[in-house]
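A.B. asks: compute the structure for the input listed below.
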Amino acid sequence: MLWLIRRVATAAVLAFIVATIVFLTLHLVPGDPAEILLSTGGSAPDPALVEDLRRQLGLDQPLWHQYLVFLERLARLDLGRSLVDDYPVAAEVALRLPRTLQLIAAGVVLSILVGIPCGVLAALNPGGAFDRLASTTAAVLLAVPVFVLGTLLILVLAQQLRLMPAGGYVDPLKDFPGFLVLVSMPAVAIAKGLAAVLFRMTRTSVLDVLSRDFVRTAKAKGLAPLRIAVRHVLRNALVPILTVLSLHMGTLLGGTVLIELVFNWPGLSTPLLRAVESRDYPMVVGIVITISGLFLLINLLTDLLYGWLDPRVRTS
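C.D. replies: Residues are numbered from 1 along each chain as shown. Below you'll find the model as predicted:
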């Protein structure tokens, strides 16, 4: 229990630090949001109108006061309202975040289904034909930028072969088959890098476990190779694999921007880019805080899985 409390407390402290860094970073960026919002056609706005808008938005207050108001709202899960259209940031995040998570989940599931089994098979016969082919494919996939692969998928599968639409989104609760069709290409584009990394880590980790004494004992008892691989080897090899998976899942939370733009996926990328361009501080901070919080949550859940897979972690 003490181990669990320590992990949760550490995650809470990190969340506070991240929120502070995000707030300060956004407010140190050059540019006055009020002046940008009132600018039309490149002409300078009336200074009196700028000051009045700054007063309405609370931007005339000292930075420390804005920071305290920010923390108080964040404690109530109130992300504020957009400076551009006065729309609640929390409502925009609640609308867009599930779509981004659906895309990430599809990519992660595809990566796990491909990367881990291929890594196990390659490790069971190192240096074989499958090992060489899979290792070469993984190296190529890691070298190809995600937006290049996405563009190629659209060019070949959507425009030339016309096998599926080039992009778009449909609610899976309303049309699940249609959702699977639309999510397939962006999921492949997301999964290509993570699957390659999981393959390499799984292969290395399984090879390490295969050389240990308890595996040799299981072989000496005459257990089936598949049972040894699944029950004895894979479980002991999962800790480093989970580490890589959790880190890359956190990276995907902020790295799906290009994929969403390429495939016209209505996730968090569109409001985030629009907010950065217009200096919409509440929208930027709300989206970044949400992504950071999910990243910390993923790390916390990974720590809990470590404790389940390896009881020795709970004593550290």
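A.B. asks: rest of the way, CA atoms for contacts and neighbours
C.D. replies: OK.
A.B. asks: quick one: secondary structure of residue 154?
C.D. replies: helix (DSSP: H, G, I helix; E, B strand; the rest coil).
A.B. asks: was I right about it contacting residue 166?
C.D. replies: Yes. Between residue 154 and residue 166 there is a contact at 5.4 Å, judged by CA atoms under 8 Å.
A.B. asks: quickly list what's touching both of the two.
C.D. replies: Both residue 154 and residue 166 lack any common contact, where contact means CA atoms under 8 Å, 6 or more residues apart in numbering.
A.B. asks: count the neighbours of residue 15 for me.
C.D. replies: By other CA atoms under 10 Å, 19 other residues sit near residue 15.
A.B. asks: which residues touch it?
C.D. replies: 292, 293, 296.
A.B. asks: which element, helix or strand, includes the second one?
C.D. replies: Yep, that's residue 293 we're talking about. Following DSSP states H and E, one finds residue 293 within helix 281-309.
A.B. asks: now for that helix, which elements pack on it?
C.D. replies: If you count contacts as 3 or more CA pairs under 8 Å, 6 or more residues apart in numbering; DSSP states H and E, helix 281-309 packs onto helix 2-28, helix 89-124, helix 235-255, helix 269-277.
A.B. asks: let me have the ones you listed in JSON lines, adding distance to residue 180 as columns.
C.D. replies: Formatted as JSON lines, the helices and strands packed on helix 281-309 follow (distance: least, CA to CA, whole Å):
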{"stretch": "helix 2-28", "distance to residue 180": "34"}
{"stretch": "helix 89-124", "distance to residue 180": "9"}
{"stretch": "helix 235-255", "distance to residue 180": "19"}
{"stretch": "helix 269-277", "distance to residue 180": "21"}
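A.B. asks: possible to save the ones you listed as TSV with mean pLDDT?
C.D. replies: Converted to TSV, the helices and strands packed on helix 281-309 look like this (pLDDT from 0 to 100):
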stretch	mean pLDDT
helix 2-28	80
helix 89-124	90
helix 235-255	77
helix 269-277	82
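A.B. asks: relative to the whole chain's centre, how far out is whatever helix or strand residue 195 lives in?
C.D. replies: In this assignment (DSSP H and E), residue 195 forms part of helix 176-210. Averaged C-alpha coordinates place helix 176-210 at 14 Å from its chain's average position (CA atoms, centre = their mean, to the nearest Å).
A.B. asks: run the angle between it and helix 235-255 for me.
C.D. replies: 140 degrees (axes from the mean of the first three to the mean of the last three CA atoms, to 10 degrees).
A.B. asks: show me where pLDDT drops low in the stretch 101-250 of the chain?
C.D. replies: 225-226 (pLDDT under 70).
A.B. asks: what about residue 169, which SS state?
C.D. replies: The local conformation at residue 169, judged by three-state DSSP, is coil.
A.B. asks: adjust the sequence numbering to begin at 9 for everything that follows.
C.D. replies: Renumbered: residue one is now 9, and that last one reads residue 177.
A.B. asks: what about residue 223, distance to residue 238?
C.D. replies: Distance, residue 223 to residue 238, using CA to CA, to the nearest Å: 12 Å.
A.B. asks: please disregard the earlier target; I meant residue 249.
C.D. replies: Using CA to CA, residue 249 is found at 14 Å from residue 238.
A.B. asks: show me what contacts residue 144?
C.D. replies: By CA under 8 Å, 6+ apart, the contact set of residue 144 is empty.
A.B. asks: ok and the strand or helix carrying it relative to helix 184-218, angle-wise?
C.D. replies: According to DSSP H and E, residue 144 maps onto helix 137-151. With the same axes, to 10 degrees defining the directions, helix 137-151 sits at 120 degrees from helix 184-218.
A.B. asks: surely residue 186 meets residue 178?
C.D. replies: Yes. If you go by CA under 8 Å, residue 186 and residue 178 touch, sitting 6.8 Å apart.
A.B. asks: more neighbours: which of the two?
C.D. replies: Neighbours around residue 186 and residue 178, counted as other CA under 10 Å, are more numerous at residue 178. The numbers are 18 against 13.
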